[in-house]
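>>> Quick one: sequence plus predicted model below, questions after.
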Amino acid sequence: MRLAKKALLLWSTAGVVVVIILLLWIKRNPQPEDRKSSLRLRYQSGQHGSPIQHEGPADRLILPKPEFDDVSLNSSHRPRPLLRLLVLTFDRARSLARCLESLNAAEYDGRQVVLDIFLDRARDGHVHNATLAVARNFSFKHGHSQVHVHSRHVGIYGQWLGTWRVPADNESEIAVFLEDDISVSPFFARWLWRVHAKYDVYPAVNGYALQGESIRHAINSEETLLEGPPGESVFLYPVLGTWGFSPNAAPWRRFIQWYQEVSRQPKFIPHVPGLKPSLWYRQFLKEGREDSMWSMWHIYHSYQNHLYTLYPNLPERQGLSHNWKEPGMHFSSDVAKEKSRVNLMTVWREEDLRLPESPVILDANGHIVGKLSPPPLY
């Protein structure tokens, strides 16, 4: 009898243990639909990063959490594209139409492309209807496209820093930011695929500029345009180019994380000695316009971490992008009237596009200071 009671007790205890183990397993391994719902909830609530806001100079330049009226950016709804085109616009309908037409005219070599058009609001919440109409009426011939209307004003900081969700693996997607006054070369995407495939593994490369023309950014530099050495198809430079910029995913993720932290320090100013952009930014601070220059933070982060942007060095300073310098945040109407000639690469020549293992590095004066060696085990 005693043996029977002991056996019954052991059996009951074992049953309880089995039930507990089963419940724990279910809790840690939700059913597929529950897991999707959980991920979707975390995505929509922005839990993959700190809440970020930007309401102007008084609130320190803090990123907005992306919020859109008519779209969810949950990438689980479609396969990840190889190339994501991020077009940033506000109130320049004609400029946007020209930019989008150049994207339609580009060559994508049959590869997967997604177009995302991000429309900002005015500070009072107003949406520019003519620009919205251009965006919604545009038909992208090469892949999926969507229009994203911010739910509130986010400014140039929010447009650049709050719109691309870097893929977790840093590899399955590349992106390029294009403001609406940019036109692209028919071969810009082919060039981007090539340079990403070649140089994304170089830790010191923070991204890729499309422009073929740029000033020299050192305070005492020559007034001539920046130019790479003859015979080099690309070069590295300490200041990014914003006339079409494609980030290297891993450094971009670190930059965004750094910015979210350091922008909360009220007295922090991103100053790099000897650079013209540092002078511009301090002047903007005096005028209360520093919310128009997100790039200074990227320049500072690159300076602190010894990072460089890769530029094309094509014959006659041809570019993969052209800036029409439309009146707006960065150019006056007088500058717009003196637009430089369009100098886009229109012929793909392999001999001009051989990518070196060790690209040359220029300083902010445009002088050669060395070469970047391939990473170990490359």
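Everything's here; your move. Here the structure is a predicted model, which means the values were calculated and not measured.
>>> Now do the strands in the protein.
Using DSSP state E, the strands assigned to the chain run over residues 83-89, 113-119, 144-149, 174-179, 182-184, 205-209, 234-237, 245-247, 308-312, 321-323, 360-362, 368-371.
>>> Export those strands as CSV, with columns for mean neighbour count and distance to residue 299.
C-beta coordinates here come from the backbone N, C-alpha and C atoms, glycine included. Shown next, in CSV, are the strands of the chain (neighbours: other CB atoms under 10 Å; distance: least, CB to CB, whole Å):
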stretch, mean neighbour count, distance to residue 299
strand 83-89, 24, 19
strand 113-119, 23, 23
strand 144-149, 18, 27
strand 174-179, 25, 16
strand 182-184, 25, 20
strand 205-209, 25, 10
strand 234-237, 23, 11
strand 245-247, 26, 12
strand 308-312, 25, 10
strand 321-323, 24, 18
strand 360-362, 20, 15
strand 368-371, 12, 17
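>>> any chance of these in JSON lines, with mean pLDDT too?
Formatted as JSON lines, those follow (pLDDT from 0 to 100):
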{"stretch": "strand 83-89", "mean pLDDT": "99"}
{"stretch": "strand 113-119", "mean pLDDT": "98"}
{"stretch": "strand 144-149", "mean pLDDT": "98"}
{"stretch": "strand 174-179", "mean pLDDT": "98"}
{"stretch": "strand 182-184", "mean pLDDT": "98"}
{"stretch": "strand 205-209", "mean pLDDT": "99"}
{"stretch": "strand 234-237", "mean pLDDT": "99"}
{"stretch": "strand 245-247", "mean pLDDT": "99"}
{"stretch": "strand 308-312", "mean pLDDT": "99"}
{"stretch": "strand 321-323", "mean pLDDT": "98"}
{"stretch": "strand 360-362", "mean pLDDT": "99"}
{"stretch": "strand 368-371", "mean pLDDT": "98"}
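>>> any idea how far residue 372 is from residue 170?
19 Å (CB to CB, to the nearest Å).
>>> least trustworthy helix or strand in the protein by mean pLDDT?
Ranked by mean pLDDT, DSSP states H and E, the weakest helix or strand in the chain is helix 32-44, scoring a mean of 29.
>>> Output the strands of the chain in JSON lines, with distance to residue 103 appended to each entry.
What follows is the strands of the chain, written out as JSON lines (distance: least, CB to CB, whole Å):
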{"stretch": "strand 83-89", "distance to residue 103": "6"}
{"stretch": "strand 113-119", "distance to residue 103": "7"}
{"stretch": "strand 144-149", "distance to residue 103": "9"}
{"stretch": "strand 174-179", "distance to residue 103": "8"}
{"stretch": "strand 182-184", "distance to residue 103": "6"}
{"stretch": "strand 205-209", "distance to residue 103": "17"}
{"stretch": "strand 234-237", "distance to residue 103": "23"}
{"stretch": "strand 245-247", "distance to residue 103": "14"}
{"stretch": "strand 308-312", "distance to residue 103": "18"}
{"stretch": "strand 321-323", "distance to residue 103": "11"}
{"stretch": "strand 360-362", "distance to residue 103": "30"}
{"stretch": "strand 368-371", "distance to residue 103": "34"}
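>>> closest one to residue 278 among those strands?
For the strands of the chain, proximity to residue 278 was assessed by CB to CB; strand 234-237 is nearest, at 16.1 Å.
>>> Run me through the strand neighbours of the closest one, direction for each.
Here strand 234-237 is paired, per DSSP bridges, with strand 308-312 (antiparallel), strand 360-362 (parallel).
>>> which residues are in contact with the shortest one?
For strand 360-362, contacts defined as CB atoms under 8 Å, 6 or more residues apart in numbering pick out 226, 228-229, 232, 235-237, 308, 368-372.
>>> before we move on, the earlier item: include distance to residue 178 when you put the strands paired with strand 234-237 into CSV, please.
Output for the strands paired with strand 234-237, formatted as CSV (distance: least, CB to CB, whole Å):
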stretch, distance to residue 178
strand 308-312, 16
strand 360-362, 24
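>>> closest to residue 97 out of these?
That would be strand 308-312 among these, by CB to CB, at 25.8 Å.
>>> Just give the number of residues close to residue 215.
When neighbours are counted by other CB atoms under 10 Å, residue 215 registers 14.
>>> tell me the pLDDT at it?
At residue 215, the pLDDT value in this model is 95.
>>> Verify the stated contact: it with residue 237.
No. Counting by CB atoms under 8 Å, residue 215 stays clear of residue 237, with 11.1 Å between them.
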